[in-house]
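show me the folded form of this:
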Amino acid sequence: MTDLARITLLAFTILAVIFGLGVAASLAGAFAGFIIVLAAPVLVIALLAGTAIFMWRGIRRARESTRLAAARVVDIVAAPGVAVIVLALSAPIFSVGSLSRAWISLANNRAHYQEIVASLQAGGRDPADGQPQVERGITFISDVGPPLRVAFNPEGILDNWSAIVFDPTQVVMRADGFDPISSTFAAPDSITKLFGGDLVRCRRLSDSYFFCSFT
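I've put the predicted structure just below:
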């Protein structure tokens, strides 16, 4: 196996672990957070050590080689180049992993979600604006608006919770964090105050469904 193949294998291994940590964060919550705190330094050390080792080997090979200059340059830059790619992909891959539970829940329950939304839109049930309701094991909170928005399967601790949110207007995507210094949200109150909480951020799952975090 060539050094480039070994570097690539190390990169894929690190990215696979990062994806796994994202999945764990989605499934295990606070316990996964503890594991991530422990694992993050190990991954960083593995990446830095692997980059340094393979870069040094590449430099030695380039000095001793009689190959073309371009091939010797590849020997030197391959390891740091792959490391940069790993760093660039780490956050998106963790994010994809962390959405896995929401995607699975949406895939399994979408038909039921749509039935609840249709019933609320048709006035076939009491919307109980802002109050949790349960139907066939699915907890949901409606915000009658208009327009109607529904938060499905809210989970969390105290004021920190998340849910799959149905929003046909898609404006919840404007929620983009909280500034602790100014104590203000990026989005206006008409968005952040939905469902009686402070909406921090939403990520798109599919069509009009989003995975949203509240505090």
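
could you export the host helix or strand of F140 as PDB, CA atoms only?
Using DSSP states H and E, F140 falls within strand 138-143. Extracted C-alpha coordinates of strand 138-143, given in PDB (Å, rounded to 0.1, in the frame of the first residue of the first chain):
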ATOM      1  CA  ILE A 138     -46.600  11.300  18.500                       C
ATOM      2  CA  THR A 139     -46.400  14.400  20.500                       C
ATOM      3  CA  PHE A 140     -46.900  17.700  18.700                       C
ATOM      4  CA  ILE A 141     -47.300  21.400  19.400                       C
ATOM      5  CA  SER A 142     -49.200  23.600  17.000                       C
ATOM      6  CA  ASP A 143     -48.800  27.300  16.300                       C
END
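
so for that strand, what's the average pLDDT?
Strand 138-143 shows a mean pLDDT of 87.

what strands flank it, and is each parallel or antiparallel?
Applying DSSP bridges, strand 138-143 is found paired with strand 133-135 (antiparallel), strand 149-157 (antiparallel).

in stretch 203-215, what's buried?
203, 205, 208-215 (16 or more other C-beta atoms under 10 Å). Quick note: C-beta positions are derived from backbone N, CA and C, even for glycine.

can I get those in CSV including pLDDT?
Shown next, in CSV, are these (pLDDT from 0 to 100):
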residue, pLDDT
R203, 88
L205, 90
S208, 91
Y209, 94
F210, 92
F211, 91
C212, 87
S213, 83
F214, 82
T215, 78
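
any idea which element the residue nearest the centre of the chain lies in?
By C-alpha atoms, centre = their mean, the mean C-alpha position of the chain lies nearest to S95, the distance being 2.3 Å. Taking DSSP H and E as the definition, S95 sits inside helix 69-98.

next, count neighbours for I18.
23 (other C-beta atoms under 10 Å).

that one and I93, how far apart?
For I18, the distance to I93 equals 5 Å [C-beta to C-beta, to the nearest Å].

repeat for A40
From A40 to I93 the distance is 14 Å (C-beta to C-beta).

which one's more surrounded, these two?
I93 (20 against 13).

taking helix 69-98 as reference, get the angle to the host helix or strand of R60.
Using DSSP H and E, R60 falls within helix 30-64. Put simply, helix 30-64 runs at 180 degrees to helix 69-98, going by axes from the mean of the first three to the mean of the last three C-alpha atoms, to 10 degrees.

shouldn't I141 be in contact with A163?
Yes: taking C-beta atoms under 8 Å as the definition, I141 is a contact partner of A163 at 7.4 Å.
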